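J.: sequence first, then the predicted structure, then my questions.
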2 protein chains.
Amino acid sequence: MTIWFEDMPVGRVERYGAKHVERAEVLDFARQFDPQPFHLDDEAAAANPLFGRLAASGWHTAAMAMRMTADHWATNGARAVLGGAGIEDLAWLKPVYPGDTLRCELEVIDARPSRSKPDRGIVKARMTVFNQHDEPVMRQTSVVMMRRRLGIDHPSDA
Amino acid sequence: MTIWFEDMPVGRVERYGAKHVERAEVLDFARQFDPQPFHLDDEAAAANPLFGRLAASGWHTAAMAMRMTADHWATNGARAVLGGAGIEDLAWLKPVYPGDTLRCELEVIDARPSRSKPDRGIVKARMTVFNQHDEPVMRQTSVVMMRRRLGIDHPSDA
C-alpha cells in the first residue's frame, strides 16, 4: 500500500518509534559530525550547565528521528515522498542522553497541491520527539514534497 | 584564544570549510539514518525528479555543515559555546551529490544577553552552504547559547 499526498490530510496523526540511544552511537556520531567536548567527553559534559553529563548532538537526535520515520514508512505504508524541502523550525528542548529511549509523534498541519507541478503536493508536519519520561526533547516542522495519487507520472515508488 | 559571546557581534561574517562529499559516506549515512531509496540506490535516484542521481540525505548535509563549523572553531579560536537551542529555518535548496565539495558562509544576525542567566548570551547566525559551483545547497538560521566573557562562571572552555 502506498501513501500518496492525498492520504496525508491536515489533522492526520502518526505515533511511532522506539529508539534506544546507545552511548557508542552518541560518541560515534559526535566524532564524525559534531566533535564538541560535551558530546565526546564526560568531564566536559559535566562542566556544561545545559547538559550535566554526556549528551547526544542535536543533529544526531534529528537523524535518529529521521530513521524512526523511515522505519515507520517501511512498515506502515510506503510514502510517495519525493524529498524534503526544509524544516521551518527545530527546537532542541532537552538533552538526549545515552540510555534514553526516543519516540515520535507527528501531525499534518498543512497540505497543498503544488501550483507549478501537477504531479506533486507539499505536506507540512509538526513532529515532537519524546524521551522515555514523556518529556519532549525535540520539536520540528518539516516540509516534504509528495507525489499525488492522480499525478501524471507514477514510477513505482521511487 | 577563546571567542566569547561578546566576540560575535551582529554583522560578523565567517567563511570556512572544504568538505569533499564521498559516495561511501553518503551511502553510509543513508543506511544509518535516512534509508530512503533515492539516498541508497542509483536507479531509484534517477527516477526521482528532484534528484536525478544519487543524492545525500539533507540531514547528512546539515551534519557535514556542523562538522565544518566544529573544525573551523578548532582551528580559528575555540568558541565558548554552551549548546544549540535550535534552527529557525532550514532549506535544502539543491541536491548534494557524491563528488561535490561544500563550504560554509555564516553571518551573525542577532546577539543578545540572556535575561535570566547573566553568564550567557544567545547568538543567531544565518549560514549558507555552497557547492563547488558556488550554488547554495542549504541555508539555515541557527540559535546558539554562548558564555559571556564577563560571566560569573568560566570553566576552561568546557
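T.: Cool, got the structure.

J.: where are the low-confidence patches of chain A?
T.: Within chain A, the ranges that satisfy pLDDT under 70 run A:151-158.

J.: top helix in it by residue count?
T.: In chain A, assigned by DSSP state H, the helix with the most residues is helix A:58-75.

J.: hmm, who's touching the helix or strand following it?
T.: Going down the chain from helix A:58-75, the next helix or strand is strand A:78-79, by DSSP states H and E. For strand A:78-79, the surrounding residues in contact (C-beta atoms under 8 Å, 6 or more residues apart in numbering or on different chains) are A:1-3, A:73, A:146, A:157. Bear in mind the C-beta positions are built from the backbone N, C-alpha and C, glycine included.

J.: a markdown table for those residues, including neighbour count and secondary structure?
T.: Below are these laid out as a markdown table (neighbours: other C-beta atoms under 10 Å in any protein chain shown; DSSP: H, G, I helix; E, B strand; the rest coil):
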| residue | neighbour count | secondary structure |
| --- | --- | --- |
| A:Met1 | 6 | coil |
| A:Thr2 | 13 | strand |
| A:Ile3 | 17 | strand |
| A:Trp73 | 17 | helix |
| A:Met146 | 23 | strand |
| A:Asp157 | 13 | coil |
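
J.: in CSV: those residues, plus distance to A:Pro98.
T.: Shown next, in CSV, are the contacts of strand A:78-79 (distance: C-beta to C-beta, whole Å):
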residue, distance to A:Pro98
A:Met1, 36
A:Thr2, 37
A:Ile3, 33
A:Trp73, 27
A:Met146, 35
A:Asp157, 36
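
J.: list the buried residues of the longest helix of chain A.
T.: Within helix A:58-75, the residues that qualify as buried are A:58-70, A:72-73, counting by 16 or more other C-beta atoms under 10 Å in any protein chain shown.

J.: same check on stretch A:18-32?
T.: Using 16+ other C-beta under 10 Å as the test for burial, stretch A:18-32 gives A:19, A:21, A:25-27, A:29-30, A:32.

J.: ok, it near chain B or not?
T.: Yes: Stretch A:18-32 lies within reach of chain B by C-beta under 8 Å from any C-beta of the partner chain, at A:29, A:32.

J.: how far away is the closest residue to A:Thr101 other than its chain neighbours from chain B?
T.: Closest residue in space to A:Thr101, ignoring its immediate chain neighbours: A:Gln132 at 4.4 Å, by C-beta to C-beta, 6 or more residues apart in numbering or on different chains. For A:Gln132, the distance to chain B (C-beta to the nearest C-beta, to the nearest Å) stands at 21 Å.

J.: who does the one helix or strand A:Arg15 maps to pair up with?
T.: Taking DSSP H and E as the definition, A:Arg15 sits inside strand A:13-20. Pairing partners of strand A:13-20, with direction, according to DSSP bridges: strand A:101-113 (antiparallel).

J.: immediately after the partner strand, which helix or strand?
T.: strand A:120-130.

J.: what secondary structure does the residue lying closest to A:Ala70 once chain neighbours are set aside sit in?
T.: Among residues not flanking A:Ala70 along the chain, B:Pro35 sits closest, at 5.2 Å (C-beta to C-beta, 6+ apart). On the three-state scheme (DSSP: H, G, I helix; E, B strand; the rest coil), B:Pro35 is labelled coil.

J.: residues near B:Pro35, how many?
T.: Per other C-beta atoms under 10 Å in any protein chain shown, the neighbour tally for B:Pro35 reads 18.
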